[in-house]
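A.B. asks: here are the coordinates; sequence isn't available:
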């Protein structure tokens, strides 16, 4: 992919960094970040400060963009206190509204706006996979976050800008994300299954996140909701086993649910992030003709491990 103009809101995190790494050499990218001052520009990458709530001078960067990608939102890797719940809601809805206002100000609005939502919108599922047509929802906190986020996005009228909701599974990449804690567990012999190990684990390689976004840009008929996940989900036991094998570890202590509840309280997170069964499949993008670069977990992990230093997954 070459010579595209791309704006990534909230692009300073793991996924944003992975996409910048993938696209930065051949495209012009503007990253909207809350860091102040914003990092200096380098190569084809420019960083602009925004507050994630109101349209500002950064809105000019949207003029004529081929892609506006919204990755903004407070991390859900925290305790779900009332204060954190409100911030999780507000950081997603406010940033989406601000971008909508900026799009309306454009003389030449972005051709495509992708809001990166989450596959946690679907219910805990151990009985069958959830896709865009038959997925079901229960009213737990993570589902409410996703539904409110998508509702705000859908209400915004952008007649000259095509819109896509990307329900992302757990993203795997060498740039960070969940790989770092899972590799550390494996390195210290603690990389066994978590809870029952039967909870489904839907995942996608960062290069397929980039690939799907490129596919959307190239195919004007794509709009609406798409699941961003490998067509071959696994379960927690399968995922942790695959990581150990990829790293050359042959043993890992499991973590029962009671231990996870204690640990989550100590480190300030929620066990839902590990114990919810996410069984998601990408029916619509497969129907559209997208071919996954890393459809199999073994190959995805091998690619990631190949670019990491040995100390990331071995003590020596």
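C.D. replies: Received it, and whenever you're ready, just let me know what you need. Here the structure is a predicted model, which is why all the values come from computation and not from measurement.
A.B. asks: Okay, now the unreliable bits of the protein?
C.D. replies: Where the chain drops to pLDDT under 70, the residues are 1, 263-270.
A.B. asks: can you pull out the strands in this structure?
C.D. replies: 5-9, 28-33, 45-49, 67-70, 112-118, 162-168, 170-173, 176-177, 200-201, 203-205, 224-228, 234-235 (DSSP state E).
A.B. asks: Let me know which of the ones you listed is the nearest to residue 87.
C.D. replies: Evaluated with CB to CB, the strands of the chain place strand 112-118 nearest to residue 87, the distance being 16.0 Å. (C-beta placed from N, C-alpha, C; glycine too.)
A.B. asks: Return the set of buried residues in that closest one.
C.D. replies: Within strand 112-118, the residues scored as buried using 16 or more other CB atoms under 10 Å are 112, 113, 114, 115, 116, 117, 118.
A.B. asks: just stretch 140-150 next, same as before
C.D. replies: The neighbour-count criterion (16+ other CB under 10 Å) identifies 142, 143, 144, 145, 146, 148, 149, 150 as the buried residues of stretch 140-150.
A.B. asks: coming back round to it: nearest to residue 81, out of the strands of the chain?
C.D. replies: Residue 81 lies closest to strand 112-118 among the strands of the chain, at 19.8 Å (CB to CB).
A.B. asks: The closest one: partners in the sheet, and parallel or antiparallel?
C.D. replies: Strand 112-118 has the following strand partners under DSSP bridges: strand 67-70 (parallel), strand 162-168 (parallel).
A.B. asks: quick check: angle from it to strand 5-9?
C.D. replies: Per axes from the mean of the first three to the mean of the last three CA atoms, to 10 degrees, the angle that strand 112-118 makes with strand 5-9 is 30 degrees.
A.B. asks: Compute the inter-axis angle for strand 112-118 and strand 224-228.
C.D. replies: 50 degrees.
A.B. asks: ok, and what's touching strand 112-118?
C.D. replies: 15, 66-71, 96, 99, 103, 142, 145-146, 149-150, 153, 158, 161-168, 213, 216-217, 228 (CB atoms under 8 Å, 6 or more residues apart in numbering).
A.B. asks: cutoff 6 Å now
C.D. replies: With CB atoms under 6 Å, 6 or more residues apart in numbering as the test, strand 112-118 has contacts from 67-71, 146, 149-150, 153, 161-168, 217.
A.B. asks: ok so, going back, which stretch among the strands of the chain comes nearest residue 80?
C.D. replies: Of all the strands of the chain, it is strand 112-118 that lies closest to residue 80, at 14.9 Å by CB to CB.
A.B. asks: Report the contact partners of the closest residue to residue 10 other than its chain neighbours.
C.D. replies: Spatially, and ignoring its direct neighbours in sequence, residue 10 is nearest to residue 72 (3.3 Å; CB to CB, 6 or more residues apart in numbering). Going by CB under 6 Å, 6+ apart, residue 72 touches 9, 10, 52, 95.
A.B. asks: Take the buried residues of strand 112-118 and lay them out in JSON lines including distance to residue 307.
C.D. replies: Listed next are the buried residues of strand 112-118 as JSON lines, based on distance: CB to CB, whole Å:
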{"residue": "112", "distance to residue 307": "29"}
{"residue": "113", "distance to residue 307": "31"}
{"residue": "114", "distance to residue 307": "26"}
{"residue": "115", "distance to residue 307": "29"}
{"residue": "116", "distance to residue 307": "23"}
{"residue": "117", "distance to residue 307": "28"}
{"residue": "118", "distance to residue 307": "26"}
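A.B. asks: Nearest to residue 61 among the residues you listed?
C.D. replies: The nearest one, if we look at the buried residues of strand 112-118 relative to residue 61 and count by CB to CB, is residue 113, at 13.4 Å.
A.B. asks: Return the set of residues that bridge with the closest one.
C.D. replies: Residue 113 forms beta bridges with residue 68, residue 163, as assigned by DSSP bridges.
A.B. asks: rewinding a little: just the buried residues out of the contacts of residue 72, in PyMOL syntax.
C.D. replies: Filtering the contacts of residue 72 down to the buried ones (16+ other CB under 10 Å) takes a single PyMOL command:
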select buried, resi 9+10+52+95
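A.B. asks: Just the contacts of residue 72: which are in helices?
C.D. replies: Residues of the contacts of residue 72 located in helices (DSSP state H): residue 95.
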